[in-house]
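J.: Structure of the sequence below:
(chains A and B)
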Amino acid sequence: MAKTKQPKPGINKEARLVRHLFNPEKLKQIPTRNGYGEGVVEAGEKNKNVVVLCCDLTESTRSLAFKEAFPERFIQMGIAEQALASIGAGLALAGKVPFISSYAAFSPGRNWEQIKTTIALQNTNVKIAGAHAGLSVGPDGATHQMLEDIAIMRAVPNMTVVAPCDYLETKKATVEGARRKGPYYFRFARAASPAFTTKNTPFKVGRAETFRHGNDLTLIATGPLVYEALLAAQMLSADHGIECRVINCHTIKPLDERTIIKAAKETGAIVTIEEAQVAGGLAGAVCETLALTTPVPVERIGAQDRFGESGEPRQVQEGLGVTASFIALAADRVLQRKLGKRVPKMPAHITVAQERLAAVHEDVMQEALARAPKKWGGKKPNNSLASRN
Amino acid sequence: MANLTLGPKVRKPLHLHDRKLKTLEKKAAEIREDLIDMLVEAGSGHSAGPLGLADVFTALYFHVMVHDPKKPLWKDRDRFILSNGHVTPARYVAMAHAGYFPKKLLMTLRKIGSPLQGHPELEWMESLETTSGPLGEGIPQAVGMAYAGLMDRSPWRVYCMTGDGELNEGIVWEAFQFAGTNKLYNLTFIVDRNNIQIDGPTEQVMPLEPLQEKLEAFGLNVIRCAGNSIRDFVTAVERAHGVSEKCSVILADTIPGYGVDYMEYDFTWHGKPPKPGNEARDALSGLRTLGGKITSEHE
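T.: Numbers count the residues shown, from 1 in each chain, chains lettered A, B, ... in the order given. Okay, the predicted model is just below:
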């Protein structure tokens, strides 16, 4: 049997990504939640049974667009996430296609049992829109940063779990969610992130897309961090001649096992990347699949059994070691392991992130404290406060 | 059921002399000013709620509660549970003034590495009693603490502050049901009845009224007071202490954004920055201008 020819390393033309992928000036930054807002209106136009429920967060979840377009199909829940899930299930049992929206920290964070029983067990047609997922709520702190949703939702039978990579893909995932039957969880973020796919980029729930060809190792990423994976791949190729395959694994359940096993066989080393707990997250899903079929070395980028904290979103992301430079460290380690070399017990992408975070804590705190006015025990005049300008 | 017949000892009356009242009012004004300075430094966070609660926090930390800032974990301290964690800036300022931590730290609100996390985090500051932010969850925790306090016949009391929109949450009513059934008279809830939540006035988003009757139907002793009057609030607490067979709820009618003219009563202030320039400065009536530097966190 003739071996099929491998494509040349580099961005996959068929992925139809934006042309100015690595040009920060031309690359647009749009929050993924905007994609939900636009997508749910489109879904509402296509299907008159689509209804949107929201827990006192109409503007910030971007449900507002639907409320304005179809006021009679918008349902204000008040701050009641457990009722949100159960009432959503009741609406679905009566033939509606409810999108239930709140912050992911509270839905599915708070109403997981209601989701399990009334949505998943009954296999009702409810779409759970988890806004402000991941670390992008920055200064709000750990209570509002949702990192466990992939793990808890993936464990529920009948549930589909999707984490789109940018604004446009979130829009596609929303429209697609309304079209599919059954429970559907998708997560999106607050902060603006690179909009790097186009309307021609293929998107099919359950099918992972190869965004970059390469055969030295594979970066499997989900959510807005897919862009960080592409950045890391670009860096590794330019600086070290290492060619990474980059897979956008937007659907975590059902997992595209074929694509992942193929990547494991062809590249022999995997790094998973997600803005979520690695335990039970995309990393969990990939490791389970590979352990059962094609065991190869795997490294995991994501929250390593720890919570986030207050800070600017980018600072918190770097503190948890999920950005491009840490992906490159993980890639280096997985390559060493692939070659059978010894590696330190604690991965560098974890230790370096911890050290860096401690240094950032120190710097940011010192900088702020140095500006403390006299009335708060500092040395600066009271009128140096920003509020007094 | 545990023997809950003996509870907190009768305490010194809370009667407020005129001179003390003046001191407290001055303190509340200082707290408001520091609050705005702090929020502008942070550049994000809630403003209207905390401003409306400055008087209640002042009364609690400087008159009502038995506590020792130098010994935050003193076993006989009164417990204060903040259920509506998003108003924590006002609590941070009150705590700084009370001496729990250096005022300098107010510069670091919401910054990476700061103990003043965006929502209160026990892991970062043990004197906070609980981590909060996700709404409704402080109420059952306060109920649990109060129940334990009565079981151990402890002298301390529990005060739990909640928002009004927060009462939408089902978990709140499960906890109220338990507090009513078990007559947790060492527990006093303070509802910040400011009539606003993120999407609009509470009575439009998900009406709470008749709130007093609902709470009473759950077996609770309900006291209404003007939450921006320190004297009125302290009197309400005295009345709560006077009832020894029921858990009390103080419905404190507060004015959101109290002290900043153009923010008062206006839920939409959350979603838009104040207009820069003279207009904003004039509207600030005595308080410092915000200069358009605080952004809403629910954008």
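
J.: Next, count neighbours for A:Tyr167.
T.: Applying other CB atoms under 10 Å in any protein chain shown, we find 28 residues neighbouring A:Tyr167. (Each C-beta comes from the backbone N, C-alpha and C, glycine too.)

J.: list the contacts for it?
T.: By CB atoms under 8 Å, 6 or more residues apart in numbering or on different chains, the contact set of A:Tyr167 is A:Ile30, A:Pro31, A:Thr32, A:Asn34, A:Gly35, A:Ser193, A:Ala195.

J.: close enough to count as contact, the first one and A:Ala195?
T.: Spelled out, it's A:Ile30. Yes - in this structure A:Ile30 lies within contact range of A:Ala195 using CB atoms under 8 Å: 4.6 Å.

J.: Next, show the common contact partners of those two.
T.: The contact sets of A:Ile30 and A:Ala195 overlap at A:Asp166, A:Tyr167 (CB under 8 Å, 6+ apart).

J.: quick revisit: restricted to helices, list the contacts of A:Tyr167.
T.: In this view, these that belong to helices under DSSP state H are A:Thr32, A:Asn34, A:Gly35.

J.: Please report how far the spatially closest residue to the last one that is not a sequence neighbour lies from chain B.
T.: Right, the one you point to is A:Gly35. Closest residue in space to A:Gly35, ignoring its immediate chain neighbours: A:Thr170 at 3.0 Å, by CB to CB, 6 or more residues apart in numbering or on different chains. Distance, A:Thr170 to chain B, using CB to the nearest CB, to the nearest Å: 17 Å.

J.: I'd guessed B:Met95 sits against B:Tyr61; true?
T.: Yes - at 6.9 Å, B:Met95 counts as touching B:Tyr61 under the criterion of CB under 8 Å.

J.: Now do the same contact list for the residue of the stretch 51-200 of chain A found nearest chain B.
T.: Chain B sits closest to A:Gly78 of the stretch 51-200 of chain A, with a gap of 2.7 Å, by CB to the nearest CB. Contact analysis of A:Gly78 by CB under 8 Å, 6+ apart lists A:Cys55, A:Asp56, B:Gly165, B:Asn168, B:Gln197, B:Val205, B:Met206.

J.: hmm, 10 Å instead?
T.: Residues near A:Gly78 by CB atoms under 10 Å, 6 or more residues apart in numbering or on different chains: A:54-56, A:84, B:165-169, B:197, B:199, B:202, B:205-208.

J.: pretty sure it belongs to a strand, no?
T.: No - A:Gly78 is assigned coil when assessed by DSSP: H, G, I helix; E, B strand; the rest coil, not a strand.

J.: For it, which non-adjacent residue is closest in space?
T.: Excluding the flanking residues, the one nearest A:Gly78 by CB to CB, 6+ apart is B:Met206, at 2.7 Å.

J.: I'd like the distance between A:Lys375 and A:Glu367.
T.: Distance, A:Lys375 to A:Glu367, using CB to CB, to the nearest Å: 19 Å.

J.: And A:Glu355, by the same measure?
T.: Using CB to CB, we find A:Glu355 at a distance of 19 Å from A:Glu367.

J.: What is the burial count for residue 38?
T.: Because you didn't say which chain, this covers chain A. Residues near A:Glu38, counting by other CB under 10 Å, number 18.

J.: not what I meant, chain B
T.: With neighbours defined by other CB under 10 Å, the count for B:Met38 comes to 27.

J.: How about the contacts made by it?
T.: Residues in contact with B:Met38 (CB under 10 Å, 6+ apart) are A:376, A:385, A:387, B:45, B:50, B:89-90, B:92-93, B:96, B:103, B:105-110, B:116.

J.: Now do the same contact list for the closest residue to A:Val156 other than its chain neighbours.
T.: Closest residue to A:Val156 apart from its sequence neighbours, by CB to CB, 6+ apart: A:Ala120 at 4.7 Å. Taking CB under 10 Å, 6+ apart as the criterion, A:Ala120 is in contact with A:89, A:112, A:114, A:126, A:128, A:153, A:155-159, A:182-183, A:185.

J.: before we move on, what about A:Ala353?
T.: Contacts of A:Ala353 by CB under 10 Å, 6+ apart are A:301, A:304, A:317-323, A:325-326, A:329, A:347.

J.: and if you look at A:Glu309?
T.: Applying CB under 10 Å, 6+ apart to A:Glu309 gives the contacts A:135, A:138-139, A:141-142, A:145, A:315-316, A:319-320, A:357, A:361, B:112-114, B:117-118, B:121, B:123-124.

J.: Produce a ChimeraX select command limited to the buried residues of those.
T.: Here is the ChimeraX selection string for the buried members of those, based on 16 or more other CB atoms under 10 Å in any protein chain shown:
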select /A:135,138,139,141,142,145,315,316,319,320,357,361 /B:112,113,114,117,118,121,124
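
J.: Determine the number of other residues adjacent to the nearest residue to A:Leu290 once chain neighbours are set aside.
T.: Leaving aside its chain neighbours, A:Leu290 sits nearest to A:Ala264 (5.5 Å; criterion: CB to CB, 6+ apart). For A:Ala264, the tally of surrounding residues (other CB under 10 Å) stands at 22.

J.: Surely A:Ala264 is in a helix?
T.: Yes - counting by three-state DSSP, A:Ala264 falls inside a helix.

J.: That one: what's it in contact with?
T.: A:Ala264 sits in contact with A:Thr218, A:Ile220, A:Ile270, A:Val286, A:Thr289, A:Leu290, A:Thr293, A:Thr294, A:Pro295, A:Val296, A:Pro297, A:Val298, where contact means CB under 10 Å, 6+ apart.

J.: State the helix or strand in which A:Arg300 lies.
T.: strand A:298-303 (DSSP states H and E).

J.: how about that strand against chain B, any contact?
T.: No - Strand A:298-303 is not in contact with chain B by CB under 10 Å from any CB of the partner chain; minimum separation 15.2 Å.

J.: Show me what that strand is packed up against.
T.: strand A:217-221, helix A:225-240, strand A:270-277, helix A:282-293, helix A:324-338, helix A:348-370 (3 or more CB pairs under 10 Å, 6 or more residues apart in numbering or on different chains; DSSP states H and E).

J.: Show me what counts as buried in the fourth one.
T.: Same thing as helix A:282-293. Those would be A:Leu282, A:Ala283, A:Gly284, A:Ala285, A:Val286, A:Cys287, A:Thr289, A:Leu290, for helix A:282-293 by 16+ other CB under 10 Å.

J.: farthest pair in the residues you listed?
T.: The span of those, defined through CB to CB, is set by A:Leu282 and A:Leu290 at 12.3 Å.

J.: what's the farthest-apart pair in the contacts of A:Ala353?
T.: Pairwise distances across the contacts of A:Ala353 (CB to CB) peak at 17.3 Å, for the pair A:Gln317 and A:Pro347.
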